[in-house]
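# whatever this is, show me its structure:
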Amino acid sequence: MTNTNYTEISNSDDCEKYVNKFIQDFEIRSAEIGKGTVIKRALPSRHKRMIGAWCFLDHAGPVHFPQGDGLDVGPHPHIGLQTFTWMIEGTMMHTDSIGSKQLIRPKQVNLMTAGYGISHTEVAPDTETKMHAAQLWIALPDDKLNMAPQFDHYPELPVVIREGVEFTVLVGEYLDTTSPVKVHSELLGVDLTAQESTTTRIPLNPQFEYGFLALEGNAIINGHELTDDNMVVLEPGLNEIEIQLYAGSRLLLLGGEPFESPILLWWNLVGRTQEELKIAREQWINHDARFGTIPDYDGPRLEAPAFPDKMRPSK
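Below you'll find the predicted structure:
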């Protein structure tokens with residue numbers, strides 16, 4: 001794949017044609033979870049299964065609800081991944097089977113590394129009335145697949161302001177700024193919030209594939225309209241991209257090196273073979289110690305769905 005910088009191409013029409021070879025956009029699915037909380041699921045999609053090690057992306061909200069009617073997700077298991085929550089509005093309590101209990105507030109990140117196995121709950125406090133968040137999963141590389149579970153909370157993320165855009169570096173290194181969030185693959189996650197309407201070019205790593213998701217408002221990515229109903233993805237090979245933002249717009253930019261191995265993603269589990277996912281499912285059903293317990297949760301555990309006959313790897 002060529003690494004030509006399109007700013008070196010003299011004709012503007014040729015520039016646009018060159019860049020558009022690397023770009024596609026596709027519609028994302030909507031669903032309702034909890035009590036009226038609408039989510040937009042961007043990954044996985046039949047159009048794009050993964051962006052680097054990012055293998056799952058839900059955009060939840062923004063939603064307002066009466067006190068006591070917030071999200072309440074009972075105990076459920078994970079293996080082979082990290083769960084990554086970026087909170088924009090509202091609060092959420094995370095509790096897990098290794099003893100972690102952490103309230104996440106706006107502009108904070110919760111990162112749970114499942115590794116060999118963990119279970120957790122996500123519950124809005126009784127006094128909460130709003131929620132807006134992005135939840136993502138990061139597939140663990142082969143050598144970390146069965147690492148010990150852990151939980152990390154990041155109350156502060158670095159911010160860079162450039163050309164009227166506030167860049168919060170969630171994961172990885174961007175604009176000479178490095179996030180403290182610990183992941184195990186070459187990844188990037190950035191929240192871009194426009195303080196004013198602007199058109200700018202932002203740098204890219206030509207070894208990475210990328211995806212843009214609108215969290216608030218709309219944007220234009222090199223002529224491709226980005227709304228809350230679609231995602232714009234870039235294949236590796238570009239050094240920069242032009243984006244047009246409107247005042248108050250907020251985007252999520254994800255990037256990463258194409259993942260090393262095909263993965264299997266089913267329910268809340270990530271693995272490499274159907275057999276290991278099937279074993280994890282049976283262990284969850286049988287209350288195996290692999291997933292521990294969450295004794296202070298007042299309610300039932302999530303039940304595992306029926307196991308499919310055949311699964312499609314993500315890559």
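# in the sheet, which residues pair with Leu251? Tell me.
Leu192, Ala214 (DSSP bridges).
# dump the residue contacts of it.
The contact partners of Leu251, taken as C-beta atoms under 8 Å, 6 or more residues apart in numbering, are 191-193, 212-215, 219, 226, 243, 245. (C-beta placed from N, C-alpha, C; glycine too.)
# ok, now how distant is it from Tyr116?
Shown here: Leu251 relative to Tyr116, a distance of 35 Å by C-beta to C-beta, to the nearest Å.
# the most centrally placed residue in the chain in helix, strand or coil?
In the chain, the C-alpha nearest the mean C-alpha coordinate belongs to Leu136, at 2.7 Å (C-alpha atoms, centre = their mean). Under DSSP: H, G, I helix; E, B strand; the rest coil, Leu136 falls in the strand class.
# beta partners of the residue nearest to it when sequence neighbours are not counted?
Across the structure, with C-beta to C-beta, 6 or more residues apart in numbering as the measure, the residue nearest Leu136 apart from its sequence neighbours is Phe84 (4.4 Å). Bridge pairing for Phe84 (DSSP bridges) gives the partners Leu111, Leu136.
# so what's Phe84 up against?
If you count contacts by C-beta under 8 Å, 6+ apart, then Phe84 has 109-111, 135-138, 170-171, 181, 189 around it.
# same question, Pro308
Taking C-beta under 8 Å, 6+ apart as the definition of contact, the neighbours of Pro308 are Trp266.
# and it, how far from Leu71?
With distances taken as C-beta to C-beta, Pro308 is found 27 Å from Leu71.
# can you check Trp284 too?
21 Å.
# export stretch 195-213 to CSV, keeping only CA atoms.
Only the C-alpha atoms of stretch 195-213 are listed here, as CSV (Å, rounded to 0.1, in the frame of the first residue of the first chain):
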residue,chain,number,x,y,z
GLN,A,195,-15.3,24.5,19.9
GLU,A,196,-16.3,26.4,16.6
SER,A,197,-17.1,25.5,13.1
THR,A,198,-13.9,24.6,11.3
THR,A,199,-12.3,22.7,8.4
THR,A,200,-8.9,21.1,9.2
ARG,A,201,-6.6,18.3,8.3
ILE,A,202,-5.6,15.8,11.0
PRO,A,203,-2.6,13.5,10.9
LEU,A,204,-2.9,9.7,10.4
ASN,A,205,-0.6,6.8,10.7
PRO,A,206,-0.4,5.1,7.3
GLN,A,207,0.0,1.7,9.0
PHE,A,208,-3.4,2.1,10.7
GLU,A,209,-7.0,1.6,9.6
TYR,A,210,-9.4,4.1,11.1
GLY,A,211,-13.1,4.7,11.8
PHE,A,212,-15.1,7.9,12.6
LEU,A,213,-18.3,7.9,14.6
